[in-house]
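Novice: build me a model:
(4 chains)
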2 protein chains.
Amino acid sequence: MSEQPADSCIIKHFQSYTNIDDKDQQLLLSLEKGPQEWSKNAILWQQGDKSDSFFTLNKGWACSFRDMEDGSRQVLDVFVPGDIIGLREFAFQTRITSVVLLTDAVLCSFPRQHLDSIFASSLTLCNLMFMIIARDQAILLERLVNLGRRTAREKLAHFLVELAHRLGRTNALVEKHLSLPLTQNILADALGLTSVHINRTLQDFRQEGLLNTGNCHLELLNIKGLAEVAGFDAFYLETSVFSQPAKSGCSMQEELS
Amino acid sequence: MSEQPADSCIIKHFQSYTNIDDKDQQLLLSLEKGPQEWSKNAILWQQGDKSDSFFTLNKGWACSFRDMEDGSRQVLDVFVPGDIIGLREFAFQTRITSVVLLTDAVLCSFPRQHLDSIFASSLTLCNLMFMIIARDQAILLERLVNLGRRTAREKLAHFLVELAHRLGRTNALVEKHLSLPLTQNILADALGLTSVHINRTLQDFRQEGLLNTGNCHLELLNIKGLAEVAGFDAFYLETSVFSQPAKSGCSMQEELS
DNA sequence: AAGGACAGATAACCTAGGTTAAGTGATGGC
DNA sequence: GCCATCACTTAACCTAGGTTATCTGTCCTT
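Specialist: Alright, predicted model coming up:
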């Protein structure tokens, strides 16, 4: 293979959490397939499909959703570049959600059975996988709080600020303007609201100078202001890799405040 | 130690998913502490506490929740006997939720650093842990759908039927009457509703012969009827352990349809 | 036995957000 | 260049569920 570790989606992703040593990098590299290009609106998989792989999202955006019997839809996650898609379907033989691409995208696929090689060969990676899935859960928990106990204004602001944080991975980016490829329908389906009410709320935010709306895009102008509307606290995004097996000498926590 | 494997909370729990061989049983047994008795309304931990262990719930019920700034509360999980509590806090140094006991209870604690021993020693257990956390996520996903896109009637019915399934672990139990130690406040906080509206909805269900309400208890009389109200589909609870490492000969899927 | 705390019940009234419908662009296929 | 589609906008009206308040019963506590 002519690939360099730097080309690998999943190595990049893991490196953003912690140091991955050469051996582990080679292991990951040997297991992933891709990268591969996909176009906007492509369906990555549908509920009921055989569940035998997951993906890393190198470029572009995606979301997972569930179609309801009555024709409505609940968006469950929005995935941003660097995210792993489908890890939570690990326990199921068939997909329990569908995934669609919100933009043109580049993905790598990763056959699930290769997880065994990871578990068997690298405690670091095993811990890391566990940490990533636990962080996903924390995001889901926060979304539950959002849907259960906040107003439409707060829901929308919270959702947008969370995305800003996830895109930045540090607070640095949170000060800048940020463009998100999200339609009002996607927002409505993610937040359990109607697109009409999303529109009303976006109008308000726009008049308050918090953001601009465009064609299939949202530009965040004042993320701090949105965070205040939402009462946003980023604690649930601030994971840290836990105990490091003794045999490995690297510290894993330096870049994660 | 005089403990027998049969006394172990976590072995029982894992056995309900798949076969655990003797070596793995000994490993688990050596790592857990307990069992220990707790009384109703005890706080297992609070948001912000140091996060260094998880628990198995041998007897009794518990729930995790988040307190909101405005004094309201969002219940995030209800835990029933056999559940693992706190696995999802794995990625965090401090607790991101609080946990309170809904009844008197018996728990075993499990220091988190011992997970490394598990990951290092047993592929079976490593896979199993992954499966359990993934199943937890599936339950969260379904709760998101519940909060986002269903009416109060559907939310309540869905929540109750899910608990019935989790208590039964098979459809067998779903035909019988079932008593749940849940107050109307807990239900309200779990479903993003008010206790007043929970009360109204429970009155309706009672008049339809679907359940009885009592003092801090709910008796489900017609689970099939509730499932119809909710449009309930149990697919998201039906996990199965995936590929089995070659070195172990046991089949893991027989008891999981 | 009195008092307090809490689960539950119920009624009157209110509002956040849903529903329906009728627009206006912009985009893209042919 | 025309037509269809789709994102978005806006307005009029409606309802599911929230709010507030009062009342009951039960269980602890002392």
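Novice: pLDDT weak spots in chain A?
Specialist: A:1-7, A:169-176, A:240-257 (pLDDT under 70).
Novice: please enumerate the helices of it.
Specialist: Assignment of helices within chain A using DSSP state H yields the ranges A:9-15, A:22-31, A:114-121, A:123-149, A:152-168, A:184-191, A:195-207, A:223-230.
Novice: how about these in JSON lines, adding mean neighbour count and distance to residue B:188?
Specialist: Yep, even glycine has a C-beta here, placed from its N, CA and C like the rest. Output for the helices of chain A, formatted as JSON lines (neighbours: other C-beta atoms under 10 Å in any protein chain shown; distance: least, C-beta to C-beta, whole Å):
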{"stretch": "helix A:9-15", "mean neighbour count": "21", "distance to residue B:188": "39"}
{"stretch": "helix A:22-31", "mean neighbour count": "16", "distance to residue B:188": "46"}
{"stretch": "helix A:114-121", "mean neighbour count": "18", "distance to residue B:188": "40"}
{"stretch": "helix A:123-149", "mean neighbour count": "22", "distance to residue B:188": "10"}
{"stretch": "helix A:152-168", "mean neighbour count": "21", "distance to residue B:188": "19"}
{"stretch": "helix A:184-191", "mean neighbour count": "22", "distance to residue B:188": "20"}
{"stretch": "helix A:195-207", "mean neighbour count": "16", "distance to residue B:188": "23"}
{"stretch": "helix A:223-230", "mean neighbour count": "19", "distance to residue B:188": "23"}
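Novice: closest one to residue B:15 among those?
Specialist: helix A:114-121 (20.6 Å; C-beta to C-beta).
Novice: name the residues that touch that closest one?
Specialist: A:27-28, A:31, A:90, A:125-126, A:129, B:119, B:123, B:126-127, B:130, B:243, B:245 (C-beta atoms under 8 Å, 6 or more residues apart in numbering or on different chains).
Novice: ok, now with 10 Å
Specialist: Outside helix A:114-121, the residues within contact range by C-beta atoms under 10 Å, 6 or more residues apart in numbering or on different chains are A:23-24, A:27-28, A:30-33, A:53-54, A:87, A:90, A:110, A:124-126, A:128-130, B:119-120, B:122-123, B:125-127, B:129-130, B:242-247.
Novice: quick one: contacts for the spatially most central residue of chain A?
Specialist: Centroid-nearest residue in chain A: residue A:79, 3.6 Å away (criterion: C-alpha atoms, centre = their mean). Neighbouring residues of residue A:79 by C-beta under 10 Å, 6+ apart: A:44, A:55-57, A:60-64, A:85-86, A:99, A:101-102, A:105, A:166.
Novice: what bridges to it?
Specialist: residue A:62 (DSSP bridges).
Novice: distance of it from DNA strand D?
Specialist: Residue A:79 sits 18 Å away from DNA strand D, going by C-beta to the nearest atom of the strand, to the nearest Å.
Novice: cool, residue A:178 as well?
Specialist: 15 Å.
Novice: leaving out sequence neighbours, find the closest residue to that residue.
Specialist: residue A:220 (4.4 Å; C-beta to C-beta, 6 or more residues apart in numbering or on different chains).
Novice: which residues touch the one you found?
Specialist: Taking C-beta under 10 Å, 6+ apart, one finds A:160-161, A:163-164, A:167, A:174, A:176-180, A:205, A:210-212, A:226 in contact with residue A:220.
Novice: around DNA strand D, pick out the residues from the stretch 151-257 of chain A.
Specialist: Within the stretch 151-257 of chain A, the positions adjacent to DNA strand D are A:183-185, A:195-196, A:199-200, A:202-203, A:213-217 by C-beta under 7 Å from any atom of the strand.
Novice: can you narrow the residues you listed to ones near DNA strand C?
Specialist: A:196, A:215.
Novice: tabulate the residues of the stretch 151-257 of chain A next to DNA strand D (TSV), appending distance to residue B:69.
Specialist: Listed next are those as TSV, based on distance: C-beta to C-beta, whole Å:
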residue	distance to residue B:69
A:183	31
A:184	28
A:185	30
A:195	29
A:196	28
A:199	28
A:200	24
A:202	24
A:203	26
A:213	28
A:214	33
A:215	36
A:216	34
A:217	31
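Novice: got the phi/psi numbers for residue A:42?
Specialist: phi -70, psi 140 (degrees, to the nearest 10).
Novice: count of neighbours near it?
Specialist: Neighbour count of residue A:42, defined by other C-beta atoms under 10 Å in any protein chain shown: 14.
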